[in-house]
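# predicted coordinates and the sequence they were generated for:
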Amino acid sequence: MSRIGKKPVLIPAGVKVAITGQRVEVQGPKGALFHTVPSPLTVEVVDGHLWVRRTGESRTARALHGLTRSLVANMVQGVKEGFEKKLEIVGIGYRAQLSARALTLNLGYSHPVIYQIPEGIQVEVDRQTQITVRGADKAMVGQAAAEIRGFREPDPYKGKGIKYVSEVIRRKVGKTGAK
């Protein structure tokens, strides 16, 4: 039995869960999300808890049990509290600006990089070097943050680029001149 899959998901106050066949819809103050549960699994609500159960003991059902429970738990947490990733821009002249649904990044290239913010994601820019990505869908928040970071990944020699706030860049020693 999956250790993660057998744990119930608590449904907090203010969150509504609707199950229609294999489709689970979750609505809360931060938005609405849905997920289609694979066929060897079922989802049911019992006493304010969501339970993900297997219909059989096949290898596929066992593999998807914990994953599906985690995805449903992330949906419940996302519509209640939301998720966020913080990015930091390091480098002289590197900065970010927010305008409407676009993020403009000056990252040392000959042109500014413009990132169109997807629907369901909010981006905030603090002090031109701090970017906060927020949203209800954990996967979309992570994907948007990874795409922004991908425009100028941190350099291991000088440390310049876009990095996560909690990320530690391992610095390399540059080559030394001949004596």
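Now that the structure is in, tell me what you want to look at. Please read all numbers here as calculations on a predicted model, not as lab measurements.

# and the contacts of the longest strand seen in the chain?
Assignment by DSSP state E gives strand 83-90 as the longest strand of the chain. Contacts to strand 83-90, defined as Cβ atoms under 8 Å, 6 or more residues apart in numbering, come from residues 77, 95-96, 105, 107, 128-138, 141-142, 144-145, 148-149, 154, 159-166. Any C-beta I mention is one placed from the backbone N, CA and C, and that applies to glycine too.

# any weak-confidence spans in the protein?
Filtered on pLDDT under 70, the chain yields the residue ranges 1, 177-179.

# mind listing the strands for it?
Counting by DSSP E, one finds strands in the chain at the ranges 9-10, 16-20, 23-28, 31-36, 41-46, 49-54, 83-90, 95-99, 102-106, 113-116, 121-126, 130-135, 161-164.

# which one of these lies nearest to Arg69?
Among those, strand 49-54 comes nearest to Arg69, with 4.3 Å by Cβ to Cβ.

# partners of the closest one in the sheet?
Strand 49-54 sits in its sheet next to strand 9-10 (antiparallel), strand 41-46 (antiparallel), going by DSSP bridges.

# buried sites along that strand?
50-52, 54 (16 or more other Cβ atoms under 10 Å).

# out of the strands of the chain, flag the one nearest Leu71.
Of the strands of the chain, nearest to Leu71 by Cβ to Cβ is strand 31-36, at 5.7 Å.

# and that closest one, which residues are buried?
Across strand 31-36, burial judged by 16+ other Cβ under 10 Å covers 33, 35.

# quick check: angle from that strand to strand 16-20?
Angle between the axes of strand 31-36 and strand 16-20 is 30 degrees (criterion: axes from the mean of the first three to the mean of the last three Cα atoms, to 10 degrees).

# and Ala100, how many neighbours?
When neighbours are counted by other Cβ atoms under 10 Å, Ala100 registers 7.

# quick one: it and Pro112, what's the gap?
Distance of Ala100 to Pro112, computed by Cβ to Cβ, to the nearest Å: 15 Å.

# same check, this time on Leu71
36 Å.

# which of the two has more neighbours?
Counted by other Cβ under 10 Å, Leu71 and Pro112 do not tie: Leu71 has more neighbours, with 17 against 12.
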